[in-house]
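*Asks:* After the sequence you'll find the predicted model.
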Amino acid sequence: MTKPRIVQISLVLAALVIFVLLFIAPRSHKADSDQPAAMTSKEAAAPVDMELFVKNAVASLNTSGQKEIFDQLVKQAEKDPEHGLDSLVKFWDKNRRPDMAAYFTEKTALNLKTASAWIKAGDRYYYSIQFVKDISEVAALYGKAIRCYSEGLKLEPGNVDAKIQLASCYVDQSVDPMKGISMLREVEKTDSNNVKLQMTFALFSVKSGQFDKAIRRFENVVRIDPSFIEAYLHMADAYDQMGNKAKTIEMLEKFESLTPDMFAKKEVRKSIEGLKKK
């Protein structure tokens, strides 16, 4: 089995790995993939100016009267910020622009001024990065995510998930990764059994090619939370990249035996049989 096939399994089984893909997984941006490339130090140091990207996004609304709908929603938001801003977030979600939805989620946070609102905005910015087509926007999105998580932590300093996400921003933006790692280490001192923390460390290890370390972290995940069976798919991927076919099959078989999803069982079984024929 090749690496792309393992990755395909985890993507096909979207219902099973959605937590990892949309809540945990740190994002990488490689120049030879469909993802934006990692930022250079120069790009990360550039001023964060989302307004320019918002202006460009609005200018692109040239079909089905979308510009008129947007303008009307803006007017409603001016009169009723709470409901109007929510409508703008939904508008951009519908138009498949999570970066713009994140921008108006931040506007909501500015209106509500609560920790949860700020952290939600941070999540929105962070997870929108994987969908960005214009690489020049990546620095702005990371900057905004960092700002929102930081604001949330000012109000709720004990929020471990927000700390992990903030640390992930520092690591992923490739400018001050050790700052992020240090933050994760601090969390580990007091909450070593945090599944999200272990997954974050594991996925960082995968990205850096440290597959042995990644596997140990994935093993910690299933030890802490046996129901988090998606970790077996990640372990299968790690073993596959190490060229260990036997362990790849073993991890896939564990996942197959534990998942209640019949479609998942069928897809994984196909992959296992394909492996055994090689």
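*Replies:* Here it is on my side, so go on.
*Asks:* What is the neighbour count of residue 167?
*Replies:* By other C-beta atoms under 10 Å, 25 other residues sit near residue 167. All C-beta atoms are positioned from the backbone trio N, CA, C, and that covers glycine.
*Asks:* Can you classify it by secondary structure?
*Replies:* Under DSSP: H, G, I helix; E, B strand; the rest coil, residue 167 falls in the helix class.
*Asks:* and the nearest residue to residue 269 once chain neighbours are set aside, what element?
*Replies:* Among residues not flanking residue 269 along the chain, residue 256 sits closest, at 6.2 Å (C-beta to C-beta, 6 or more residues apart in numbering). According to DSSP states H and E, residue 256 maps onto helix 245-258.
*Asks:* What residues sit buried inside that helix?
*Replies:* Neighbour-count burial for helix 245-258, with 16 or more other C-beta atoms under 10 Å as criterion, is recorded at 247, 248, 249, 250, 251, 252, 254, 255, 256.
*Asks:* report the longest helix in this protein, please.
*Replies:* helix 138-155 (DSSP state H).
*Asks:* Contacts for that one, please.
*Replies:* 29, 36, 39, 43-44, 46, 48-50, 53, 99, 102-103, 106, 109, 114-119, 121-122, 125-126, 128-129, 132, 159, 162-163, 165-166, 169-170, 172-173 (C-beta atoms under 8 Å, 6 or more residues apart in numbering).
*Asks:* Run through the residues that contact the residue nearest to residue 269.
*Replies:* Shown in contact with residue 256 (C-beta under 8 Å, 6+ apart): 264, 265, 268, 269, 272.
*Asks:* Any of these buried? List them.
*Replies:* By 16+ other C-beta under 10 Å, the contacts of residue 256 give 264, 268, 272 as buried.
*Asks:* The second one contacts residue 251, doesn't it?
*Replies:* No. Under the criterion of C-beta atoms under 8 Å, residue 268 makes no contact with residue 251, lying 9.9 Å away.
*Asks:* What are the structural domain limits within this structure?
*Replies:* Per the record, the chain has its domains at 1-27+193-278, 42-174, by automatic domain parsing.
*Asks:* okay, these in a markdown table with mean pLDDT and distance to residue 183 next?
*Replies:* Formatted as a markdown table, these follow (pLDDT from 0 to 100; distance: least, C-beta to C-beta, whole Å):
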| stretch | mean pLDDT | distance to residue 183 |
| --- | --- | --- |
| domain 1-27+193-278 | 81 | 10 |
| domain 42-174 | 91 | 4 |
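*Asks:* I'd like those laid out as JSON lines, including distance to residue 187.
*Replies:* JSON lines is the format used below for the domains of the chain (distance: least, C-beta to C-beta, whole Å):
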{"stretch": "domain 1-27+193-278", "distance to residue 187": "6"}
{"stretch": "domain 42-174", "distance to residue 187": "6"}
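*Asks:* quick one, which of those domains is nearest to residue 181?
*Replies:* Residue 181 lies closest to domain 42-174 among the domains of the chain, at 6.4 Å (C-beta to C-beta).
*Asks:* Which residue ranges of the stretch 101-250 of the chain form helices?
*Replies:* 115-128, 138-155, 160-172, 177-190, 195-207, 211-224, 230-242, 245-258 (DSSP state H, counting those that start in this stretch).
*Asks:* In PyMOL, select just the buried ones from the contacts of helix 138-155.
*Replies:* The PyMOL selection below is limited to those of the contacts of helix 138-155 classed as buried (16+ other C-beta under 10 Å):
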select buried, resi 29+36+39+43+44+50+53+99+102+103+106+109+115+117+118+119+121+122+125+126+128+129+132+159+162+163+165+166+169+170+172+173
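*Asks:* that older thread, export the helices of the stretch 101-250 of the chain as TSV, with columns for distance to residue 87.
*Replies:* Formatted as TSV, the helices of the stretch 101-250 of the chain follow (distance: least, C-beta to C-beta, whole Å):
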stretch	distance to residue 87
helix 115-128	15
helix 138-155	20
helix 160-172	26
helix 177-190	35
helix 195-207	31
helix 211-224	38
helix 230-242	34
helix 245-258	40
